[in-house]
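Enquirer: below are the sequence and a predicted model; questions follow.
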Amino acid sequence: MTRSELGQRAELAVADCLFVGGFELLGRNVRFGPLELDVVARKDRLLLVTEVRTRSAGSWCSAFESVTRTKRARVLKAASRLWRERKDWTQGIDRVRVAVAAVTFVDGRTHVEYAPLA
């Protein structure tokens, strides 16, 4: 499996997890020029922006550890642009949560773990 295929599989796992949790999926790989949001979803008055990370076996760092200060800043900047530019998605929203999902694939099983983006 290529790195791109692994990333797409991880994003699909996160989207499925959110759907099962009652979220409406608004978009995947949402671009604002050079900025990108992996998964955007909403539930009631909450808009959830998720950065999806995965690592293959033998990686030097975990999926959560791979989110650098620069990456956090880019995700937050993209979320801010989403808030300003996609009024159709943000209408009726009063909270935005930005999170990271670490996705692992072990022995044919998929595990999704969430953490707030600090």
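Expert: Looks like it arrived, so ask away.
Enquirer: what are the phi and psi values at the residue nearest to the spatial centre of the chain?
Expert: Nearest to the geometric centre of the chain sits residue 50, at 2.3 Å (Cα atoms, centre = their mean). With angles defined as degrees, to the nearest 10, residue 50 sits at phi -120, psi 130.
Enquirer: hmm, it is touching residue 10, no?
Expert: No: using Cβ atoms under 8 Å, residue 50 is not in contact with residue 10, being 10.6 Å away. No exception for glycine: its C-beta is placed from N, CA and C like everyone else's.
Enquirer: residue 17 - how many residues pack around it?
Expert: Residue 17 has 18 neighbouring residues, counting by other Cβ atoms under 10 Å.
Enquirer: hmm, back to that, gap between the residue nearest to the centre of the chain and residue 60?
Expert: The gap separating residue 50 from residue 60 is 23 Å, by Cβ to Cβ, to the nearest Å.
Enquirer: quick one, what contacts the residue sitting furthest away from the middle of the chain?
Expert: In the chain, residue 107 marks the outermost C-alpha relative to the chain mean, sitting 23.4 Å out by Cα atoms, centre = their mean. If you count contacts by Cβ atoms under 8 Å, 6 or more residues apart in numbering, residue 107 has none.
Enquirer: next one: it, what pLDDT does it get?
Expert: Per-residue pLDDT puts residue 107 at 84.
Enquirer: what stretches of this structure score poorly on pLDDT?
Expert: The chain contains residues with pLDDT under 70 at 56-58, 118.
Enquirer: which strand runs longest in it?
Expert: strand 95-106 (DSSP state E).
Enquirer: that concludes my questions; thank you for your assistance.
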